[in-house]
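Asker: A structural model of the following input is requested.
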Amino acid sequence: MRVDDVAGNIYLALLFGLDFRAMLPPLFADAAAGIFRRAMDGAASDFERVVEQHRWATMPSAVSHGKD
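Answerer: Below is the predicted model of the structure:
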């Protein structure tokens, strides 16, 4: 459902005394979920790119070798 459809329905609701406010939360919830999903996808892509470009160094082992 598009915003202009909702605006038209609200106008008709005011004209005929009907209440279409229940239609609004799903519209905004879907939009917010889409924004969040795109932001998370972008963040995951950026993180993957940074991890792939990072120069990893090996750390010395804490296990003693050959000493009992």
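Asker: Quick check: end-to-end length of stretch 10-24?
Answerer: 10 Å (CA to CA, to the nearest Å).
Asker: Next one: the residue nearest to the spatial centre of the chain relative to residue 30, how far apart?
Answerer: Among the residues of the chain, the one closest to the centroid is residue 36, at 1.9 Å (CA atoms, centre = their mean). Separation of residue 36 from residue 30 (CB to CB, to the nearest Å): 11 Å. Heads up, the C-betas are built off the backbone N, CA and C, glycines and all.
Asker: and if you look at residue 57?
Answerer: For residue 57, the distance to residue 30 - CB to CB - is 45 Å.
Asker: Now do the SS call for residue 61.
Answerer: At residue 61, secondary structure determined by DSSP: H, G, I helix; E, B strand; the rest coil is coil.
Asker: Report pLDDT for it.
Answerer: Residue 61 is assigned 73 on the pLDDT scale.
Asker: So what's the residue count around it?
Answerer: Residue 61 is flanked by 7 other residues according to other CB atoms under 10 Å.
Asker: Quick one: residues contacting it.
Answerer: If a contact means CB atoms under 8 Å, 6 or more residues apart in numbering, then residue 61 has no contacts.
Asker: distance of it from residue 54?
Answerer: In this structure, residue 61 and residue 54 are 21 Å apart, going by CB to CB.
Asker: sorry, back to before: just checking, what packs against the host helix or strand of the residue nearest to the centre of the chain?
Answerer: For residue 36, the element it lies in under DSSP states H and E is helix 24-53. Under the contact criterion of 3 or more CB pairs under 8 Å, 6 or more residues apart in numbering; DSSP states H and E, helix 24-53 touches helix 3-16.
Asker: Could you tell me the angle between the helix it packs on and helix 24-53?
Answerer: Orientation check (axes from the mean of the first three to the mean of the last three CA atoms, to 10 degrees): helix 3-16 against helix 24-53 gives 160 degrees.
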